[in-house]
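Colleague: No sequence on hand, only this structure:
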């Protein structure tokens, strides 16, 4: 199974939705809370090129935020990335 990392903040509905989708897939992930840590937020921005949360990485590949994750799922591309097929 793929290694999944999600950068998030405490008050983020899209982070919750991304977590729910990953949970539905049976995937475990590591959360990196950037709510009060500007160094981690800068790290997230450098890795993803984006400032918004969540930022999700599958095996060190940036897949974007919740909308991107959901789009991959609808297209049938998420399961192979997660190693579920």
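Modeller: Done, it's in. All values derive from a computational prediction rather than experimental measurement. Numbers count the residues shown, from 1 in each chain.

Colleague: check which helix or strand covers the residue nearest the centre of the chain.
Modeller: Closest to where the C-alpha atoms of the chain average out (C-alpha atoms, centre = their mean) is residue 56, at 2.1 Å. Assigned by DSSP states H and E, residue 56 belongs to strand 55-58.

Colleague: what sits up against that strand?
Modeller: With contacts defined as C-beta atoms under 8 Å, 6 or more residues apart in numbering, strand 55-58 is touched by 2-7, 18, 44, 47-48, 62-66, 68-69, 81-82. (Each C-beta comes from the backbone N, C-alpha and C, glycine too.)

Colleague: Now, those residues that are in strands?
Modeller: In this view, the contacts of strand 55-58 that belong to strands under DSSP state E are 4-7, 62-64.

Colleague: Go through those residues and say which is closest to residue 24.
Modeller: Residue 24 has its nearest neighbour among the ones in strands among the contacts of strand 55-58 in residue 4, at 13.2 Å by C-beta to C-beta.

Colleague: And the helices in this structure?
Modeller: Along the chain, counting by DSSP state H, helices occupy 13-24, 38-48, 66-74, 78-82.

Colleague: Redo these as JSON lines? Include distance to residue 30, mean neighbour count and mean pLDDT.
Modeller: Listed next are the helices of the chain as JSON lines, based on distance: least, C-beta to C-beta, whole Å; neighbours: other C-beta atoms under 10 Å; pLDDT from 0 to 100:
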{"stretch": "helix 13-24", "distance to residue 30": "11", "mean neighbour count": "16", "mean pLDDT": "98"}
{"stretch": "helix 38-48", "distance to residue 30": "12", "mean neighbour count": "14", "mean pLDDT": "98"}
{"stretch": "helix 66-74", "distance to residue 30": "15", "mean neighbour count": "17", "mean pLDDT": "98"}
{"stretch": "helix 78-82", "distance to residue 30": "14", "mean neighbour count": "17", "mean pLDDT": "98"}
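
Colleague: Among these, which comes closest to residue 32?
Modeller: Between residue 32 and these, the shortest separation by C-beta to C-beta is 5.9 Å, and it involves helix 38-48.
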